[in-house]
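In: coords please:
(one chain, ligands or ions: 1)
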Amino acid sequence: MSLENKVIITAALTGAMTPKDLNPNIPLTPEEIAEDAYQCWKAGAAAVHLHMRDDKGLGTMDKEKFKKTIDLIKERKDCDVVINCTTSGDSRAGYEERMAHLEYVKPELASFDAGSFNWMPFGIFDNAPQFLDPLGRKMKELSVKPELEIFDSGFMNIVKYYVKQGVLETPCHYQFVLGVLGGMEASVKNLQFLYEMLPEGSTWSAFGLGKQHMPILYATLALGGHIRVGLEDNVYYNKGTLATNVMLVKRAARAIHEFGKEPAAPDEARQILGLKR
Ligand code: ZN
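Out: This next block holds a predicted model:
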């Protein structure tokens, strides 16, 4: 099957905020996160999106935790999953701290949240130009591919600006994040709207939070995008049933097969995204 028929599943295992009381299956320690990463890769995920938690379970940008987790994943010799690190894993962290791990662990991909907004009811999701400009330059220097997280349509113009400035390189890879209170609602109409704004040659993925998870997953498949699933975005499998990361990856893989495509292997994802390993 050609690469056009391959769909990248990214497993977003942990996130920065969701407490374990909401779903005890959320992995928090490096050991738990590495184990989930391995199992999700076995179930069909080509990439894992990583956040770290401190000993109280709060989001942290502690680069030693990132390193420990990634080392544990790489210890599994058969596992070649693509590593994608957050750069927004702790709202208390300063700009320097949010990018310190990139040089330290050199992930293949990392999130680049292309704008700021009120993440209700928590506070400002702060991605000011004073952060994005050095972040983009650092990623370029280290050959870490930015995954451009788009929470609202105006973010597409911020990306255009940084492409023009030479901070971001084309073709870009976009991740549409729909359903955060303060960002765009998770509707098929909004997904279509963002999709139509994509510059030619771009790659993209999308997900909807919570119960909008499935409509956005199917609509993304219909529009030819890649898929993100995981407990960072959605703690339920269906109404009343708590999910595990592996359950969500397995369902996404089945949906892709039923659609007539195949989940991409990590090396196929690298080719699709143009990653420099
Ligand atoms: Zn994240």
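In: ok, the residue nearest to the spatial centre of the chain - contacts?
Out: Residue closest to the average C-alpha location in the chain (CA atoms, centre = their mean): residue 49, at 4.9 Å. Residue 49 makes contact with 10, 11, 12, 13, 84, 85, 86, 111, 147, 228, 230, 232, according to CB atoms under 8 Å, 6 or more residues apart in numbering. For glycine as for every other residue, the C-beta is placed from the backbone atoms N, C-alpha and C.
In: now do 7 Å
Out: 10, 11, 12, 84, 86 (CB atoms under 7 Å, 6 or more residues apart in numbering).
In: same thing with residue 149?
Out: By CB under 7 Å, 6+ apart, the contact list for residue 149 reads 111, 112, 113, 114, 175, 177.
In: run a quick neighbour tally on the first one.
Out: It stands for residue 111. 24 (other CB atoms under 10 Å).
In: for the residue nearest to the centre of the chain, give me phi and psi.
Out: phi -100, psi 120 (degrees, to the nearest 10).
In: by neighbours, which of the contacts of residue 49 wins?
Out: Busiest of these [other CB under 10 Å] is residue 11, holding 31 neighbours.
In: and what about that residue, helix, strand or coil?
Out: Here residue 11 is recorded as strand under DSSP: H, G, I helix; E, B strand; the rest coil.
In: so what sits opposite it in the bridge?
Out: residue 48, residue 229 (DSSP bridges).
In: how close does it sit to residue 215?
Out: 20 Å (CB to CB, to the nearest Å).
In: repeat for residue 160
Out: Taking CB to CB, one finds residue 160 at 28 Å from residue 215.
In: which residue ranges of the stretch 51-200 of the chain form strands?
Out: 52-53, 59-60, 82-85, 109-113, 117-119, 123-125, 145-150, 173-178 (DSSP state E, counting those that start in this stretch).
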